[in-house]
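Enquirer: The following comprises the amino acid sequence and a computationally predicted model.
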Amino acid sequence: MVREEYLRFLQTFNVDSTSINAKKIANIVLDNLEELTQLSTHQGQRIRRIIALAQPQWNEIRTDITIINSANSNDYQRIKQLKHMVVGPFRGFARAEEFNLDSQCVLIYGPNGTGKSSFCEALEYGLLGSVSEAETKRFRDQAEYLKNAHVNQFTPPHIIAKDANEDDVIVEPNASKYRFCFVEKNRIDNFSRIAAQAPSKQTELISTLFGLEAFTDYVRNFTTEIDERYIDIQGEKTKLLAQKRLELSSAEQIKINNIAELETITQEELALAQRYKNNFSFNLMVSEIIGTTDSLGAIHQLEKELQTPVPLKSNLTTSALDILINNIQVNINQLNSQQQELGSYSQQISFKQLYEAVIQIQPSNPESCPACHTPLNLVTINPYLHSQEELEKLQHLAKIQKRIQDTQQTIGQQLFSLSQIVNTCLHFLSTNNQLVAYQIPNGIQPTLSWWNSLLQYLADGYTPYQHIVAQVKHLENTDLLSSQAQATRNSTLEELNRLREFERQITILQTRRNTALKEISKAELLITNFNTQNAQLINEVTLEESILQRNQSILEGYTEFVTKINAYSRLLPSQLVADLGETVTTLYNAFNRYDASHEKLASVKLPLTQSQKLLISFQKDPTTFFDALHILSEGHIRCIGLAILLAKNIKENCPILIFDDPVNAIDDEHRAAIRETLFKDSFFEQTQIILAIHGEEFFNNTHQMLGKERAAISQSYIFSPHKPDNHIYVLSLQRPRNHVLVARELYSRGEYRDALMSSRRALENLCDKTWFHYGKHCDRNDGLISVSRRSPDQPWDLRNLAENLKSKIDKSQANIPKKTEIVSALTLLLGPNGTSPCWRYLNKGTHDEDNLPEFDQHIVGKIVSSLEQLDSALN
């Protein structure tokens, strides 16, 4: 199964864009399939082996996908049914055994262990080319599994079939065409038990049913991820060089960063030059501001200009001098007026001075007169009080005196200011200055005499005052020139500060550029030394690249291959059950035809992906779906599984249906309905059915259901449990198991008593069939069949049942098929009025009694003929 499914997987490589590398891996797996099947993902067994197979001759591995297999051919033989098989030595067959399979129905009966599975495996090997059980049991060589253990030999089965033209052909194995011909009980068992498994296991529902576990398991053991644990894709030399290069990464990064820094600096230099002057380059700006070896820069020139000091200013002005002189003259005139006014009060001034003197004495001599020392209490007038009163009368004189003092103080201050002007003139104009004679030493207060001296003419014809005015005017003009020089100096200083800011930014950029250039130079030196020191390692890495390229191709091919085969495995179950839902529903209901209508299904949704569930809905509510594994019993789940397999057989138009032991695969409740589905319904009318059965009653009941005619042309074999020579003992069925056929054969031999016994059994079976026939075709107004029993554990009373059937069918208004033949046969057996020698014969032939008369040959013949007529009408 694994090889066949793998070959089908490879067919997908020819219809899509699969890479050459993936095809190489696929061919490696194909050529070593058996070996790889034994290896799993444990410790990377399988992936390590695939790599070991791929590496030595990777370039020589074929890249075309050529599948030499009948499964890949459209020109395969189209068989109608199997005709003959010779098997042995093979499994339980120690020697060659021939089977005549030339019948639409082949029944094999044998208790467990008699070799039925060996028979089915012979058909499987002959039709498919392999046996799935061998793969399940991990046989690398299927011949070891298939050889007979006692003779230690294996011979492939030889199968002859009939084609559509009825010509004999030798069957060639073709798994793709015949794999759905087989229904194995083990698969149905596993399918029914999967509901008890974990949800992750339930996703393998369809794979289990179609026997894909081996292939699924095979695919699962491909490691999905291939890495350094299994194949070198980096290279030891490459990793060593990379580790060394990592040490250089900082130098390389420094170089990269500083190259970027230089670009940034260049942009900043250009921006700075544009701020200095339009259309100026950075270097031209540097030359102009800082200068060169040949020329001084603007900064140096301005600094040189600023070295010349600005003359000091006297801060004297003629206007201020005029004001000061005018104020002095005004105040002197005012002082003269005040002194004249005070002079007119000279006598009063003397008394005022006297009174003030008395007042001043009072604190030292408060008790007596200061003049005569007479105690104050004895004097007529108190001198102190008198002086106080008189002073108050002379108060206006004090005010005049106060004004004179204030005026004198003001004049003194103004004269001091004028002396300072003189000192300033002497400071700035010290050479031959005639005002030196009028300089007031520090600490001396100028007087009015000094002022008057300034108004006296000198030898040059000018007064000192005129010299002061001339010199102040000269100094005022000089101050004006100084202010102009200071303004020019301030402008020069401002320009110098501006240029110094440019110089500072130039210095920063130059420093940054020099630093970046130094860092780049150091990094390049390290890199150059690295290449020299590691030249041999670099060459080895170059040589290693071809190996790494090969390994990379292997990795990519393996990854693609595993992805494709996993995808194929996941989609495979959905492809198998696609469009089967309706047929599965019909078959399931056929298997459960005797269940209540509300238990029958409306539809089945088969899981198309691993995440989906098997869903069903019932006819009473077709739109509501349930998880089949959750609500159905194990027996009904078995029916679902069998319905899926049979639906696939029908869809693939398989010419054969090989069923290995339906007794073990299906519970008792459903076996009768399944027999009817296989042999009475129209599903498999054109299909050759081969059943291997371990239940004798199932074997016998199948013969009864076939009817006399089909049973007569069927092939039946019995496998005996006795194996005296370790060989499967096969008996061709000497006597038919169909009761009507047995009755006819015994009658023809003259064994009338046994013929009647088989007739009685045949009638019991045919009455049941007649009852079903009536129930299927009668009208709803027809009467019900009523039968009696002698006790609850006894069967129906056969005569009562037969009479009831004859009466109800005869009276029915429905169009019951073969009604006349059925009533006629039953009338012959029962008699027209309930009395018939035929019925007495059926009773006497069944029971053992002594001294019975001989049975009339003609009556026995009528009974057998009537049963044959009834059997034909019902089948």
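Expert: Nice, I can see it. Numbers count the residues shown, from 1 in each chain.

Enquirer: Residue 565 reaches residue 222, doesn't it?
Expert: Yes. When contacts are counted by C-beta atoms under 8 Å, residue 565 is listed as touching residue 222 (6.7 Å). C-betas here are computed from N, CA, C, even on glycine.

Enquirer: now residue 496, nearest residue through space, not along the chain?
Expert: Setting aside the residues directly before and after it, residue 496 is nearest to residue 302 in space (C-beta to C-beta, 6 or more residues apart in numbering), at 4.3 Å.

Enquirer: Identify the residues contacting stretch 127-146?
Expert: Outside of stretch 127-146, the residues that reach it under the criterion C-beta atoms under 8 Å, 6 or more residues apart in numbering are 1-4, 34-35, 37-38, 90-91, 121, 124-125, 154, 159, 171, 173-175, 178-179, 181-182, 184, 211, 213-214, 656.

Enquirer: Can you turn the buried part of those residues into a ChimeraX selection?
Expert: Under the burial definition 16 or more other C-beta atoms under 10 Å, those of the contacts of stretch 127-146 that qualify are selected in ChimeraX by:
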select :1,2,3,4,37,90,91,121,124,125,154,159,171,173,174,175,178,179,181,182,184,211,213,214,656
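
Enquirer: mind listing which of the contacts of stretch 127-146 are in helices?
Expert: The helices in this structure, assigned by DSSP state H, contain 2-4, 34-35, 37, 121, 124-125, 175, 178, 213-214 from these.

Enquirer: Now for the residues you listed: which two are most distant?
Expert: In terms of C-beta to C-beta, the ones in helices among the contacts of stretch 127-146 reach their longest pairwise distance at 35 and 178, which sit 27.2 Å apart.

Enquirer: just to revisit the earlier point, now do the contacts for the residue nearest to residue 496.
Expert: 492, 493, 495, 496, 499.

Enquirer: In CSV, could you pull the C-alpha coordinates for the helix or strand hosting it?
Expert: Element membership of residue 302, judged by DSSP states H and E, is helix 298-306. As requested, C-alpha coordinates have been extracted for helix 298-306 and formatted as CSV (Å, rounded to 0.1, in the frame of the first residue of the first chain):
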residue,chain,number,x,y,z
ALA,A,298,39.5,89.1,8.5
ILE,A,299,39.6,88.2,12.2
HIS,A,300,43.3,89.0,12.5
GLN,A,301,42.8,92.3,10.7
LEU,A,302,40.0,93.3,12.9
GLU,A,303,41.8,92.3,16.0
LYS,A,304,44.7,94.5,14.9
GLU,A,305,42.4,97.4,14.4
LEU,A,306,41.0,97.0,17.8
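
Enquirer: What is the neighbour count of the residue nearest to residue 725 when sequence neighbours are not counted?
Expert: Setting aside the residues directly before and after it, residue 725 is nearest to residue 94 in space (C-beta to C-beta, 6+ apart), at 6.9 Å. The number of residues packed near residue 94 is 19, by other C-beta atoms under 10 Å.

Enquirer: now swap in residue 36 and tell me
Expert: Counted with other C-beta under 10 Å, the burial measure for residue 36 works out to 22 neighbours.

Enquirer: From the contact counts, what lies against the lengthiest strand in the chain?
Expert: Of all the segments of type strand in the chain, defined by DSSP state E, the longest one is strand 79-87. When contacts are defined as 3 or more C-beta pairs under 8 Å, 6 or more residues apart in numbering; DSSP states H and E, strand 79-87 packs onto strand 97-100, helix 116-128, strand 158-163, strand 656-660, strand 688-693.

Enquirer: Quickly run through the sheet partners of that strand, with directions.
Expert: Neighbouring strands of strand 79-87 in its sheet, by DSSP bridges, are strand 97-100 (antiparallel), strand 158-163 (antiparallel).

Enquirer: how about it: buried residues?
Expert: For strand 79-87, burial by neighbour count (16+ other C-beta under 10 Å) applies to 79, 80, 81, 82, 83, 84, 85, 86, 87.

Enquirer: mind putting those in JSON lines, distance to residue 383 included?
Expert: Formatted as JSON lines, the buried residues of strand 79-87 follow (distance: C-beta to C-beta, whole Å):
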{"residue": "79", "distance to residue 383": "178"}
{"residue": "80", "distance to residue 383": "180"}
{"residue": "81", "distance to residue 383": "180"}
{"residue": "82", "distance to residue 383": "179"}
{"residue": "83", "distance to residue 383": "185"}
{"residue": "84", "distance to residue 383": "186"}
{"residue": "85", "distance to residue 383": "181"}
{"residue": "86", "distance to residue 383": "185"}
{"residue": "87", "distance to residue 383": "180"}
